[in-house]
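Novice: Requesting a structural model of the entry that follows:
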Amino acid sequence: MKRLRGVCIGAGYFSPYQCEAWQRIPEVELVAGCDSVRAKSEAIREKFGVPKCYTDYREMFDREKPDFVDVITPPLSHQEICSEAIRRRIQIICQKPLALSFAEAETIVRDAEQAGVRFMVHENFRFQPWHREIKRQIAARAIGDRLHSLTFRSRMGDGWGEKAYLPRQPYFRDYPRFLVFENGVHFIDTFRFLAGEITRVTAWLRRLNPVIQGEDCALVVFEFASGTLGQWDASRYNEANCADPRYTFGEFLVEGNGGSLRLGLDGRLTVQKLGGPEEALSYRHEPRGFCADCCYFTQRHFVEHLLDGMPFETEGREYLKTLVVQEAVYRSAETRMPVVVC
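Specialist: Below is the predicted model:
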């Protein structure tokens, strides 16, 4: 079997999750990694047995002639890197946030489309096992044939105090837009995955910790074309009452005209039909990698559809719909008014 030649750019905090996942995909050979800091790229090479490492991704592209690139850098660099990959007709999977602005994101997507380069955003929350199972339960009408509401409550507890975010991702402190831009976009995408297109948003954003630049607390109400309502209630300042708040990132309640689905902080998922008892749903999830191995499932999806030619769930044009909603959230918070999603 001919294997796809892949390369990675970026060897920061999140890259080990993705490099480890590539190792378990038999159709892929990860041939090189790159980071501007050589010690970081060397660490990835040694830990995961990547044959070569570079500090210049252009040199890596020229020498390795990869089939695809996995971009795992902060958003400031995405447009430049993607532009180089597009020019060389290298297929792309790129981390979120996709870009610093909607205009930049739109440019990346347009350029890839015009060049015929396959492009997917590494939006992994919709690939978490509990969200896939919730989607299956909704499709099977386990809670009825009409979805009433989605309510997600998240308390991360990693954003209080003078040293907030420094141990893991210190650049978070400098984002002028933070919670919705970096974390909330996951849930916009997941809500769209579960309930369809969003037509209007109303948002309240706050900054609770003065040592950071952007918002760290949000309450957002989504109105869907179907009539469903969604609510995302999130804070990185206050804490959850569990050992690992980063496993599910919060608690989820999904209600329909026939009952409810509930997701716990430990990944436990239950269904309760109207008039009946709450019952546990059996599905597979395990504390492997990031959030029950969702990087592997995301990357598995990318590879499968590179090979079969089918659309990616989070291909560029589709993901721009999520970013349109994100922009509406910020406009709503600024104007203190509901905003229609165009």
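
Novice: Grab the most central residue of the protein for me.
Specialist: E123 (3.2 Å; Cα atoms, centre = their mean).

Novice: now the closest residue in space to that residue that isn't next to it in sequence: how far from W204?
Specialist: Nearest residue to E123, sequence neighbours excluded (Cβ to Cβ, 6 or more residues apart in numbering): T314, at 4.3 Å. Placement of C-beta: from N, CA and C, glycine included. Distance, T314 to W204, by Cβ to Cβ, to the nearest Å: 27 Å.

Novice: Of these two, give the one with the bigger neighbour count.
Specialist: T314 (24 against 14; other Cβ atoms under 10 Å).

Novice: contacting residues for that one?
Specialist: 120-123, 126, 189 (Cβ atoms under 8 Å, 6 or more residues apart in numbering).

Novice: Could you say which of those is surrounded by the most neighbours?
Specialist: Counting by other Cβ under 10 Å, top hit in these: V121 with 31 neighbours.

Novice: Using PDB, list the CA coordinates for whatever helix or strand that one lives in.
Specialist: Using DSSP states H and E, V121 sits within strand 119-122. Only the C-alpha atoms of strand 119-122 are listed here, as PDB (Å, rounded to 0.1, in the frame of the first residue of the first chain):
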ATOM      1  CA  PHE A 119      -8.300  22.000   2.800                       C
ATOM      2  CA  MET A 120      -9.700  21.000   6.200                       C
ATOM      3  CA  VAL A 121      -9.800  22.700   9.600                       C
ATOM      4  CA  HIS A 122      -8.600  20.600  12.500                       C
END
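
Novice: So which other helices or strands are in contact with that strand?
Specialist: strand 91-95, helix 102-115, helix 294-308, helix 316-335 (3 or more Cβ pairs under 8 Å, 6 or more residues apart in numbering; DSSP states H and E).

Novice: which of those is buried the deepest?
Specialist: strand 91-95 (a mean of 24; mean count of other Cβ atoms under 10 Å).

Novice: what distance separates that one from the centre of its chain?
Specialist: Centroid displacement of strand 91-95 relative to its chain, using Cα atoms, centre = their mean, to the nearest Å, is 13 Å.

Novice: quick one: that strand to helix 102-115, angle?
Specialist: Angle, strand 91-95 to helix 102-115, by axes from the mean of the first three to the mean of the last three Cα atoms, to 10 degrees: 160 degrees.

Novice: partner strands of strand 91-95, parallel or antiparallel?
Specialist: Counting by DSSP bridges, the strands paired with strand 91-95 are strand 68-71 (parallel), strand 119-122 (parallel).

Novice: Let me know the pLDDT of the closest residue to Q95 other than its chain neighbours.
Specialist: Excluding the flanking residues, the one nearest Q95 by Cβ to Cβ, 6+ apart is H122, at 4.9 Å. Per-residue confidence (pLDDT) for H122: 98.

Novice: looking at the protein, which helix or strand does the model trust least?
Specialist: Taking mean pLDDT, DSSP states H and E as the measure, the chain has helix 38-48 as its least confident helix or strand, at a mean of 90.

Novice: In the stretch 101-250 of the chain, what residue spans correspond to strands?
Specialist: Ranges of strands within the stretch 101-250 of the chain are 119-122, 147-155, 198-206, 217-224, 229-235, based on DSSP state E, counting those that start in this stretch.

Novice: With distance to R177 added, can I get those strands in JSON lines?
Specialist: Compiled in JSON lines, the strands of the stretch 101-250 of the chain are given as follows (distance: least, Cβ to Cβ, whole Å):
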{"stretch": "strand 119-122", "distance to R177": "17"}
{"stretch": "strand 147-155", "distance to R177": "17"}
{"stretch": "strand 198-206", "distance to R177": "9"}
{"stretch": "strand 217-224", "distance to R177": "11"}
{"stretch": "strand 229-235", "distance to R177": "14"}
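
Novice: Pick the most buried one from these.
Specialist: Among the strands of the stretch 101-250 of the chain, strand 119-122 has the highest mean neighbour count (mean count of other Cβ under 10 Å), at a mean of 26.

Novice: circling back: which one of the strands paired with strand 91-95 lies closest to Y330?
Specialist: Of all the strands paired with strand 91-95, it is strand 119-122 that lies closest to Y330, at 18.9 Å by Cβ to Cβ.

Novice: outside of that closest one, which residues touch it?
Specialist: Residues outside strand 119-122 that contact it (Cβ under 8 Å, 6+ apart) are 18, 70, 72, 82, 91-96, 98, 108-109, 112-113, 295, 298-299, 302, 305, 312, 314-316, 319.

Novice: repeat that for 6 Å
Specialist: Residues from elsewhere that reach strand 119-122, judged by Cβ atoms under 6 Å, 6 or more residues apart in numbering: 92-96, 98, 112, 298, 302, 312, 314-316, 319.

Novice: Next: stretch 149-157.
Specialist: 187, 191, 195, 229-236, 238-240, 245, 249-255.

Novice: one more time with 8 Å
Specialist: With Cβ under 8 Å, 6+ apart as the contact definition, stretch 149-157 has outside contacts at 183, 187, 191, 194-195, 222, 228-240, 245-246, 249-255.

Novice: And for stretch 254-261?
Specialist: 134, 137-138, 141-151, 194, 252-253, 262, 269-274, 276, 281.

Novice: Give me the buried entries from those residues.
Specialist: 134, 137-138, 142-144, 147, 149-150, 194, 252, 262, 269, 271-272, 281 (16 or more other Cβ atoms under 10 Å).

Novice: Good, wrapping up.
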